[in-house]
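> Kindly return the folded structure for what I paste below:
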Amino acid sequence: MRSTRRATSAVLLVVLTALGAIASACSSGHDAGLLGAHQPVSAPDEQALLDRRAAAIGEGNLDAFLATVDTSDARLVARQRRYFANLRQLPIQSLRYTVLKSDWPAGLRSPQWGSDVAVPQVRVATQLSGFDTVPVQRVTGFAFARRAGRTVIVSELTGAGKQFPGSNPAPWDLVRIHVRSDQDTLQLYDDGTWKQSATVAGALASGIADVRSAVPFPWDGRAVVYVFSRPAVLNSFEGVPGGNIKHLGAMTFPMYAVLGQPAVAGIRFTLLPSSLRAGPTFLGRIVRHELTHVALGDRDDGVPTWFAEGIAEYMGAREIPQDQRRIASVALVKARQGVDGLPASRGFNGADQAWHYALSWMACDFIAATRGEPALWRLMDALHAGGAGTTDEQQDAVLETVLGLDGQELAQHAAQRILRIYG
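Here you go, the predicted model:
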């Protein structure tokens, strides 16, 4: 399943609106009205400390890293030790902290920090070597204060112990991670999923080989894969199709270089706990589905959702003998009732998403069986339209040109195929 760009933008808008309601708008230049009457920590002090922090991570110097935080706070030190250990496992090409001119609103502070604490907005830019084309930039915050004459970080969280709004934290910000790197993939696990890393790695290796051999264009097979069970990570994902990640087996999503802007730094996909419990056949199938999204990248941007998900479903099932393929039971019920068109993009992941996936898969399966797999790729290119995309209302003309069928006829053929194979 693919997370949409539109959904991510919508979530960002909600976050920005919420921020505006917390207090008066963010100020420029560490406004004393927000930060208290005294301002002992200057922006240059903050930047210098964050530069030392980034250098310590790059050098693997834990002592120098911990020297940037308030070591009298045991919980802060424990979180920062975890963060340092996490980043040292990752192939970090670049890491940069930049203090911005705006401060976080007073409502995000903690009285326990004292009145002389500065809480600026900080841009964190992180680039994974071999996986991100440019750094992924996110805006978060740090609370700075002077302790024993030194500038230190007293918190990387809000006063309520939460991530800063809209910061879009990475898994390594939230929990202890375990990292496995197998040739093409960078795999991130938590304590609960790490024991299954060998199984997942095997499915990924097979899936990459299968997808690479099937797509009609070069693909390097590179993928960053999240395999987490901790709610702190699962609940952090934004723009989830259908709105509830518990209903998904996996999800592919773009990592925007800057939230709210179209440039994509890289692609991630996450495998959910239900996929790990479902057995090797299903795991292999859903891995191939998500790897198809990764491989296609922006080649299917703007196509109707039924095609984007249908071709991924087709690729997921492609390596399974037909008599061993499974389809949702609701597909038989719906197919017997008859269909009058392909699933609409709007509401695709709603209450009938199991049926929508099944019908979309069978539409692509029908095309491959009757026109050959090259017809699928020709249709993808035609629907993509050089990046302009094709709306649901426009797709009939494209289908007629490429296949000689309109959407209703293709949907009816797909329903008949469901009944013939699975009925």
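> From the contact counts, what lies against the helix or strand harbouring Asp173?
Under the criterion DSSP states H and E, the helix or strand holding Asp173 is helix 171-174. The contact analysis (3 or more Cβ pairs under 8 Å, 6 or more residues apart in numbering; DSSP states H and E) places helix 171-174 against helix 74-89, helix 231-234. C-beta here means a position set from N, CA and C on the backbone, and glycine is covered the same way.
> For this structure, just list every one of the strands.
Ranges of strands in the chain, per DSSP state E, are 92-103, 120-128, 136-141, 143-147, 150-155, 178-182, 185-189, 223-227, 250-256, 264-271.
> Sketch out the low-pLDDT regions of the stretch 1-150 of the chain for me.
Along the stretch 1-150 of the chain, segments meeting pLDDT under 70 span 1-39.
> What is the neighbour count of Ala278?
14 (other Cβ atoms under 10 Å).
> er, Gln412 I mean
By other Cβ under 10 Å, neighbour count at Gln412 equals 18.
> Quick one: closest of the strands of the chain to Val77.
Smallest distance to Val77 across these (Cβ to Cβ): 10.7 Å, for strand 150-155.
> Tell me how far the residue lying closest to Lys334 once chain neighbours are set aside lies from Ala331.
Across the structure, with Cβ to Cβ, 6 or more residues apart in numbering as the measure, the residue nearest Lys334 apart from its sequence neighbours is Trp355 (4.8 Å). Taken as Cβ to Cβ, to the nearest Å, the spacing of Trp355 relative to Ala331 amounts to 6 Å.
> Equivalent analysis for Arg285, please.
Arg285 sits at a distance of 16 Å from Ala331 (criterion: Cβ to Cβ).
> follow-up on the earlier one: now the helices and strands packed on helix 171-174 as a markdown table including mean neighbour count and distance to Ile177?
Conversion of those to a markdown table gives the following (neighbours: other Cβ atoms under 10 Å; distance: least, Cβ to Cβ, whole Å):
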| stretch | mean neighbour count | distance to Ile177 |
| --- | --- | --- |
| helix 74-89 | 16 | 5 |
| helix 231-234 | 17 | 9 |
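> ok so, going back, would you tell me which one of the strands of the chain is buried the most?
Neighbour counts (mean count of other Cβ atoms under 10 Å) averaged over each of the strands of the chain peak at strand 223-227, with a mean of 24.
> Okay, now the sheet partners of that one, with direction.
Applying DSSP bridges to the sheet, strand 223-227 is found paired with strand 185-189 (parallel), strand 264-271 (parallel).
> Now tell me what touches the first one from outside.
Residues from elsewhere that reach strand 185-189 (Cβ atoms under 8 Å, 6 or more residues apart in numbering): 90-91, 128, 130-131, 171-172, 177-181, 196-197, 200-201, 204, 208, 221-228.
> Then the longest one?
Taking Cβ under 8 Å, 6+ apart as the criterion, the residues outside strand 264-271 that touch it are 127-128, 131-136, 200, 223-228, 237, 249-257, 283, 286-287, 290-291, 293-294, 297-298.
> what's near enough to touch the residue nearest to Lys334?
With contacts taken as Cβ under 8 Å, 6+ apart, Trp355 has the following neighbours: 328, 330-331, 334, 343.
> Against Gln412, how distant is it?
Here the distance between Trp355 and Gln412 works out to 15 Å (Cβ to Cβ).
> repeat for Glu46
According to Cβ to Cβ, Glu46 stands 64 Å off from Gln412.
> Same check on Trp172?
Taking Cβ to Cβ as the criterion, Trp172 is separated from Gln412 by 48 Å.
> Find me the pLDDT at Leu248, would you?
At Leu248, the pLDDT value in this model is 82.
> so what's it up against?
Going by Cβ under 8 Å, 6+ apart, Leu248 touches 1, 240-242, 272, 274.
> Help me confirm that Leu376 comes into contact with Ala368.
Yes: contact between Leu376 and Ala368 holds when scored by Cβ atoms under 8 Å: they sit 5.7 Å apart.
> More neighbours: which of the two?
When Leu376 and Ala368 are compared on other Cβ under 10 Å, the one with more neighbours turns out to be Leu376, at 22 against 16.
> Contact partners for the more buried one?
With contacts taken as Cβ under 8 Å, 6+ apart, Leu376 has the following neighbours: 311, 314, 364, 367-368.
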